[in-house]
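Undergrad: model the following, please.
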Amino acid sequence: MNHSIEELFKYSNDLIQDEREKIDKDLTTEIKNIEDDLARKGMENSGSWYSKRIEANLNAFEKFIRFVVDSDLKNFPLPKAETVYEKIYERATGGMKGNFPFGTRNIIEQMKRNEVEQSFLDGTEKIIQEKMIYLDSIVKREIRKDKQREKNNKSFEKDNYSLLKKIANELDEINIFFNKRYGGNKRLFTYWEYKFWFELNKPCVTKKDFKNSIAYLSNLISSIEEKQIVSIIGEIKDKDNHDPRSIDYLEKLLKDKFTDKDSESIISCFRRILRIRANLFHKETSNIIKDLNGLKLDYPIKDYQFAFNIIINNFVNQISKLHNIFSLK
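TA: Have a look, this model is predicted:
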């Protein structure tokens, strides 16, 4: 690993150092509490005296290892080549090279000096080694997951470009057929072509990315031309909901003018996206769990790219359905 790549880990190094200091401080407090509690019970040098301190050290070590690999994977500033993944694995597992991480060696030595039963000593050492094997598998799993995310992100821009092009074409067609059907230079959607498509074509990795993508998708839905629909079906009474009135008007237009077509899924999709946005930005609705579950997505969201892919693909399907409705003679 050359020096320039080592430098790219500098930010992660600082975070890891800060986290290690915090973990050490918390562990010291936890060990003292364990010892004080067992001392009050007269259980110094009992099996629990050793096992509980071993457990505390191993839990702290697991927390540290998970932080190291997560920090390196998230904070490496460039696309990761295989050599970078090898370095990340090496950094995360470096603390496992010895047989006894954190304070476990001192406890094992204390057990030997106090001549605890050999079976208990052997069992304790086995627990430590099993923990090391488990943590090694955790590091490998997180690296595999990141490789898959990197692969998905590389294909995302190409695939997403095709998806956004499809949306743009569908919207143009909808506006054309809407105008042909109702005349008067009418159109159903207004959208901001350049910034809108540029923003939506970015990978959606973090919660901030997800919020921005949902916001732009919501803006597109909110751009439905209410006045154009009013000129066709007239005014309607306000509904006791938080939807843009344009959604209510579109719903009535579809129900009144296309009674033989099932348009419920279109309106449901639009409202779902708007409710998700309201929750993300304003906590105005508690329905986000229900809305995500409706797309077989879990809450809280763990993979923002996957979640947005599901949402935008559902949106594309409904836009296509809307296109088909307006294109029928």
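
Undergrad: how far does stretch 119-127 sit from its chain's centre?
TA: Centroid separation for stretch 119-127 versus its chain: 39 Å, with Cα atoms, centre = their mean, to the nearest Å.

Undergrad: what does it contact?
TA: Taking Cβ atoms under 8 Å, 6 or more residues apart in numbering as the criterion, the residues outside stretch 119-127 that touch it are 47, 50-51, 54, 58, 99, 108, 111-112. Bear in mind the C-beta positions are built from the backbone N, C-alpha and C, glycine included.

Undergrad: mind listing what's buried in it?
TA: By 16 or more other Cβ atoms under 10 Å, the buried positions in stretch 119-127 come out as 124-125.

Undergrad: can you check stretch 174-186 too?
TA: Residues of stretch 174-186 classed as buried by neighbour count (16+ other Cβ under 10 Å): 174-175, 177-179, 182, 186.

Undergrad: do the same with stretch 41-52
TA: Under the neighbour-count criterion of 16+ other Cβ under 10 Å, stretch 41-52 has 49-52 buried.

Undergrad: list the buried ones in stretch 108-118?
TA: Neighbour counts using 16+ other Cβ under 10 Å place 108, 111, 116 of stretch 108-118 among the buried residues.

Undergrad: of the residues you listed, which is the nearest to residue 253?
TA: residue 108 (75.3 Å; Cβ to Cβ).

Undergrad: what pLDDT does that closest one get?
TA: What the model reports for residue 108 is a pLDDT of 94.

Undergrad: contact partners for it?
TA: Here residue 108 is in contact with 100, 121, 124-125, 128 (Cβ under 8 Å, 6+ apart).

Undergrad: could you work out the most separated pair of those residues?
TA: Of all pairs in these, the most separated under Cβ to Cβ is 100 and 121 at 12.4 Å.

Undergrad: before we move on, what SS does residue 203 have?
TA: coil (DSSP: H, G, I helix; E, B strand; the rest coil).

Undergrad: that one: neighbour count?
TA: Other residues near residue 203 come to 17 when the count uses other Cβ atoms under 10 Å.

Undergrad: how about residue 137?
TA: Around residue 137 sit 10 other residues, with neighbours defined as other Cβ under 10 Å.

Undergrad: with residue 167 instead?
TA: 20.

Undergrad: you'd agree it is up against residue 319?
TA: Yes. Counting by Cβ atoms under 8 Å, residue 319 is a contact partner of residue 167 at 6.1 Å.

Undergrad: show me where pLDDT drops low in the stretch 201-329 of the chain?
TA: Low-confidence segments of the stretch 201-329 of the chain, defined by pLDDT under 70: 239-243, 283-286, 329.

Undergrad: surely residue 209 is in contact with residue 201?
TA: No. Between residue 209 and residue 201 there is no contact under Cβ under 8 Å: 11.7 Å.

Undergrad: where does residue 224 fall, phi/psi-wise?
TA: For residue 224, the backbone dihedrals are phi -60, psi 130 (criterion: degrees, to the nearest 10).
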